[in-house]
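In: mind folding the following:
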Amino acid sequence: MDAASFIKSVHAGLRQKWHEGHEDFDNIWQEHCNQSDTLQKYAAAMHHLAVDNWQRLGEPQEENRIFWCKNVIMEYYFNGILQKILTKQARRLFYLENGQNIQSSMMNAFVSKEVANQVAIIQRSFINCDKVKLLDVGSCYNPFAEFSQSFVTTAIDLCPADKSVIQCDFLNVAINEAELSEQTNDGVTCAEWLKSNQLQARYFHVVIFCLLLSYFPSPVQRWKCCIHAHRLLMQNGLLLIITPDSSHQNRNSKMVKSWKTAIESIGFTRWKYVKLDHLHCMAFRKSCDVTKNDKDKFASSMYIPQDFNDLTVHNNTICNDANAVSCSDDTKVLARCISLLLKGTVLYHNPKNEQSYI
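Out: Modelled structure (predicted):
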């Protein structure tokens, strides 16, 4: 089995266990985490694809997921985008509170000064005055290490393929909510924290989920990752999400809108979105804090199309329900599809409370 097929088989196997296990997320995930041989093979396969296949293709930088993330971060923090966003936000708040736009030069100057102060506070939190603190989740081989002049990267993965990546189960990492002291603002601290399986809240400027969320078999786990990211980011920090999709831009537009609604309900605001040939690329800004009661109702909105394409793994062969001729279990597949239809499974939620069904 080649690397790509093996990776797909792991994903499909997790989804099948999720369906058969009646959504027993925790036990299924723990069992998966204990399969060290499978995890090591997966890490090696992903590393091979990323380094030996994808990089060798010589794709242009604008189509490359790593360079897209790097360029977005630099644009946001160093090319004036953050200042523009905060200025627009200040003007919007002024209008909401006063019922009119800012008109006087004195008020404009005041807004500009306040925004400049906020940006200065963020910049003072950079390491060595100019390096962004970046958390790369599901990193595999730490690709952002090559941008060490701009980023101080903490790379974590369930099963690292490179010694610079720290082993960590992001779903179950502890998050320390205590206020951070000045002396901990250095690049070594994260490795020390992770030795005790914890990370510091409100510490990072950027959290990256590159090809991460589709790994998980359930929307709830993807949702939990986004909740963790919100807690780990500083105010106005960036969450960058890269998720695979080789179809045309509008094929899965409902999924993209569903994710946007769900993630924004946590306290993010989407700043940038682009569809590359094989990827959806999204950038969210941490814009506010949301209470626990408000942010759990959209968990099911973090679906991917594969959640509803019941995949059966049989003798190391991945069989889609639409082509189940080679599967001995085709009756179960059909029964599952009918069950979903009868239940009217909600695929996405939109702001108007309209529902779409299979």
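In: tell me the pLDDT at the closest residue to Asn252 other than its chain neighbours?
Out: Excluding its sequence neighbours, the residue lying closest to Asn252 (C-beta to C-beta, 6 or more residues apart in numbering) is Asp245, at 5.6 Å. (Each C-beta comes from the backbone N, C-alpha and C, glycine too.) Listed pLDDT for Asp245 reads 91.
In: state the number of residues packed around Asp245.
Out: 19 (other C-beta atoms under 10 Å).
In: report the secondary structure state of the nearest residue to Phe268 once chain neighbours are set aside.
Out: Leaving aside its sequence neighbours, Phe268 sits nearest to Phe284 (C-beta to C-beta, 6+ apart; 3.9 Å). The three-state label given to Phe284 by DSSP: H, G, I helix; E, B strand; the rest coil is strand.
In: same thing with Leu238?
Out: strand.
In: next: the one 4 residues further on.
Out: Classification of Ile242 using three-state DSSP returns strand.
In: measure it to Ile66 for me?
Out: Using C-beta to C-beta, to the nearest Å, Ile242 is found at 9 Å from Ile66.
In: need phi/psi at Cys151.
Out: Small correction: residue 151 is Phe, not Cys. Main-chain torsions, Phe151, degrees, to the nearest 10: phi -120, psi 140.
In: same deal with the one 4 residues further on?
Out: Backbone torsions of Ala155, given as degrees, to the nearest 10, read phi -100, psi 130.
In: in the sheet, who's paired with it?
Out: Ala155 has these beta-bridge partners by DSSP bridges: Asp136.
In: if I follow the layout properly, it ends up in contact with Ser139?
Out: Yes. Using C-beta atoms under 8 Å, Ala155 is in contact with Ser139, at 3.6 Å.
In: and the residue nearest to Asn252, what does it touch?
Out: Arg251, Asn252, Lys275, His278, Leu279, His280 (C-beta atoms under 8 Å, 6 or more residues apart in numbering).
In: follow-up on the earlier one: what do Ile242 and Ile66 both touch?
Out: With C-beta under 8 Å, 6+ apart as the test, Ile242 and Ile66 both reach Cys210.
In: quick one: secondary structure of Ala90?
Out: Applying three-state DSSP: Ala90 is helix.
In: what sits closest to it if chain neighbours are left out?
Out: Val111 (4.8 Å).
In: touching the helix or strand containing that neighbour from outside, list them.
Out: Using DSSP states H and E, Val111 sits in helix 105-124. With contacts defined as C-beta under 8 Å, 6+ apart, helix 105-124 is touched by 77, 82-83, 86-87, 90-91, 94, 102, 129, 205, 234, 236.
In: if you set the cut-off to 6 Å instead, what comes out?
Out: Residues outside helix 105-124 that contact it (C-beta atoms under 6 Å, 6 or more residues apart in numbering) are Gln83, Leu86, Thr87, Ala90, Ile102.
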